[in-house]
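[1] Return a 3D structure for these sequence lines:
(chains A and B)
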Amino acid sequence: MNEMLKGNRRQFIVSALAAGGAMVVGPRLALANSEAQVWDKDVAPANGAAEFTPWLTINPDDTVIVRVAAVDIGNGTLTQACSFVMEELGSKWENLIPEYADPNADYKNGGVYSKPGSLLAYFSGRSTNPDRASTYMLAAATAREQLKAAAAQAWGVPANEIVAKDSTLSHQASGKSARFGEMIAAAAQVKLDGDPKLKDPSEWTWLTKQSPGKVQIPKIVNGSAIYGMDVRLPDMVYAALRQSPVHGGKLVSYDADAIKNMPGVLKVVAVKPKANEPTDLKPPFPFGVNPAQEAVAVIAEHYWQARTALDALPVVWDDGPGAQWTSTAKMNQAAFDAVSKPGEKVELSQGTVDDAAWKAATKVVEGTYLTPFCEQAPMEPLNGTALVTKDRVDLWHPSAHTQEAFYVAADEAGVDPKNVYVHQPYVGGSFGRRVFGDDSRMVVAIAKQFPGRPVHVIWSREEATRQGRYRPLMAGYLKAGLGADGMPTVVEGRMSGGPGFYATGMADTAFTLVTPNAQVTSQIVPFHILQGPYRGPGYNSNAFFVETFVDELAHAAGMDPMDYRIKLYSKWADKGWVKTLTEVRDKSGWGKDTLPKGQGRGVAVANWGMGGKPDEGTTVATVAKVEVTKAGDLKILQLDVAFDTGKVFNEDAVRAEMEGGTLFGLNMSLNEGLNINNGQIVEGNFDQYPIIRMADTPANVNVHFGGLTGNARYNEVGEPPAGVIGPAVGNAIFAAIGKRIRQTPFRTQDLTWS
Amino acid sequence: MSVSLTINGKPVEIDADPSTPMLWVLRDYLGMTGTKFGCGIAQCGACTIHLDGQPTRSCQLPLEAAHGANITTIEGLSPDSSHPLQKVWIEANVPQCGYCQSGMLMAAAALLKEIPNPTDADIDQYISNICRCGTYTRVRAAIHKAAEMMQA
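    Next up is the predicted model:
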């Protein structure tokens, strides 16, 4: 077993011939019965052997159904699952057909799909998780060996002389060959002596070698891919909703009579948060992350009718305590105040941070930073469809965590999970927004009041934007003392944000960990605005704080910011930091020319996922070259990105995520920031919450692969690039015009110069 | 009240409130879900269709304004995904989540009809659709590639 797969729980593979002549293969988690069972998700198998669940189904026509738990939100989880199977099975690529693994079947079969990957098994990422990789490869290798054994028996030749390739079994000496589909009946009866040996990575011909594009793209380009928004069911009705404009506010009253005669209107319903009763359900994330907000919804025959009627519906709200936050400035000030002294929670304490440590420093530098609330704004507005009856729920939901949606649906409807079915369509982006399932809860909370007909609930863009679960508003404070060599000897870090904000990225990152004396604290500020994950939670703010601050240290030390970082991060045990910096230095043209005033390059490096440990997570270093006009207009001239995921399975898939994650982080830093007025979110649509477009984007995002260390991991790529582009641009602005930018979005900062 | 128009070459009669946006006529009344709802205020371009050949954001096009018109949607861009843009989109792994891409493709197809060999500046000017996944660099490269294919 190769290094990547070491340490995995041993899995037993069993197979059987299913109804319709298909061969099914999957790991068996508990051997309650030694006989392989035909697996049928709708019929509980006898003899307590319900644990058997297939990951692969081989059909008589050679097509192979590959079951995938991880939702594909555009990051290629479906394609990656097929790639693992491709490596070991010997199928034709086009014969591999991914289908989502049903969470209901998972629930009834001992959690078979949710074990590899654990709480994040059904999450829309981590497609290269080693548990997932080994599960698919072992299932595929087992199927291949069974097929070979069946052919060997049929042809009277040794199995090890048979080759499985292009969905065909062949024996050169005898000239015999057969399609997979012709051998599945016999292969399903084969019992192997133990698990087959997986290929050593040096023998791989597909993984790390081929870069298949996402398998769903042919459906995307002709409009036939069905997203959550596109679900159409017989007798379906539509709902438009409005939640309390101030988060946490209460619905006082509404006048349903005023709109009851409008065309198509069927019903007006109110949503109240479900009482927080004890439950024996065990969702991946506790239900505390996804309560419903008070809301009113209009149900009508068509969406436009529902929307029009909702706009005409008189509604009275009680804003509640959130209204005390009268302005953005007031909230910013509260966040700044919270970092004006050490926070209540200690995130890191190493060495001794005391007067002596500060006095020993040759220079002391400090900076205070702020990042605002940001909305994930996936292009598909929040929506979902539910059909609720007395004892069953069907939910068609563009979720980014199907299993969470499954438990939320069961909880909200009060239906036994055995009778809850979640149908996962394509998802038009998530960036963290669709993970926790508050949207699934709202859909079920509305649909259960109109039982017997599928209700498709659609958030308007304005509703989705103002009723977000945002990237938290965070303030940061950093203070460092430098030694004679310019390197920090002591650092104090503080951060603040609303309840539940994410601390990742300040205490558990290389900068603080290589500083001999370091203290990091955090402080909660009682904001009412709802928060949630947003591409690299915590990290996307803290990388801006830390890497802007490191740039300020370089300036104070009188060193080139690139040289300074290379010297600083060479103290860290993970070689990926210096390697990505060196790569991006060499490829970006850093230090090779003299730029005119108004132009500059900036660099930043950070790691998402390391959790304070070397050789974990993904490190990204980015160099931005910018131009700032005297009037303060900022243009991005060039972007160079180097990264260290350890190794890479699919080069183009990684490149695409590095490009997209960089542009996402660029927009976050240039443009994004929600404002608050009397407790309400001000911005509603893209006219107020701008997103970069083609004309704002540099012609290329140059992604370089020379930062890879070859460490034995294939780490994730979606979130890491989003954290470093902002500080890289901010540092480039400083290089260009000498103004230090400590707050995002940059478009609201004064960048004029003369 | 019924409105007559042609969609992807087929005559269609629609019985809906004449102020209903064409986007929702296509999606709800006709079940043609390839045209996407993204913002509702003609900002993002996910709902782009061709109205008598012109790229048009269907969320701001009332049904009554399309009486007698000839509309093409993503479903009608080609009968078999053979438009050069569709081929290049697949080959170059352009989409990520893909939700904005039918609008992106319709905008790009209209551009290539008007300017068969567009410059980067032309692309900047004509393609103002929003892609939250950040596929812009690939969209740009793919438009250039498709333009080459169409001229070969």
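[2] CA only for contacts and neighbour counts going forward, please
    Fine.
[3] Assign the residue nearest to A:Y303 when sequence neighbours are not counted to helix, strand or coil.
    The shortest distance from A:Y303 to any non-neighbouring residue, by C-alpha to C-alpha, 6 or more residues apart in numbering or on different chains, is to A:Y238 (5.1 Å). What DSSP: H, G, I helix; E, B strand; the rest coil gives for A:Y238 is strand.
[4] and A:Y238, how far is that from A:A225?
    According to C-alpha to C-alpha, to the nearest Å, A:Y238 stands 21 Å off from A:A225.
[5] These two: who's more crowded?
    With neighbours defined as other C-alpha atoms under 10 Å in any protein chain shown, A:Y238 and A:A225 compare such that A:Y238 has more, 26 against 20.
[6] Distance check, that one against A:E203.
    For A:Y238, the distance to A:E203 - C-alpha to C-alpha - is 53 Å.
[7] and if you look at A:P425?
    Distance, A:P425 to A:E203, by C-alpha to C-alpha: 36 Å.
[8] So if I had to pick from those two, which one is more boxed in?
    Taking neighbours as other C-alpha under 10 Å, A:P425 and A:E203 compare with A:P425 leading, 21 against 10.
[9] Quick check: phi and psi on that one?
    Main-chain torsions, A:P425, degrees, to the nearest 10: phi -90, psi -180.
[10] Contacts only, for A:E88.
    Neighbouring residues of A:E88 by C-alpha atoms under 8 Å, 6 or more residues apart in numbering or on different chains: A:137-138, A:140-141, A:144, A:198-199.
[11] Kindly recompute the last result at 10 Å.
    Counting by C-alpha atoms under 10 Å, 6 or more residues apart in numbering or on different chains, A:E88 makes contact with A:136-145, A:164-165, A:198-199, A:204-207.
[12] Same check on B:N117?
    Contacts of B:N117 by C-alpha under 10 Å, 6+ apart are B:111, B:143-148, B:150-151.
[13] Neighbour-wise, give me the winner out of those residues.
    In terms of neighbours by other C-alpha under 10 Å, those top out with B:I143 at 26 neighbours.
[14] Surely it touches B:H83?
    No. Assessed by C-alpha atoms under 10 Å, B:I143 is found out of contact with B:H83, at 11.7 Å.
[15] any common contacting residues for these two?
    Shared contacts of B:I143 and B:H83, defined by C-alpha under 10 Å, 6+ apart, are found at B:89, B:105, B:109.
[16] Reformat these into TSV and put secondary structure next to each item.
    Below are these laid out as TSV (three-state DSSP):
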residue	secondary structure
B:W89	helix
B:L105	helix
B:A109	helix
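[17] Just give me the closest of the residues you listed to B:M32.
    Ranked by distance to B:M32 (C-alpha to C-alpha), the shared contacts of B:I143 and B:H83 are led by B:L105 at 16.2 Å.
[18] all strands for chain B, in order.
    With DSSP state E as the definition, chain B shows strands at residue ranges B:2-7, B:10-15, B:48-51, B:54-57, B:70-72.
[19] most packed of those strands?
    Scoring the strands of chain B by mean neighbour count under mean count of other C-alpha atoms under 10 Å in any protein chain shown gives strand B:48-51 as the most buried, with a mean of 26.
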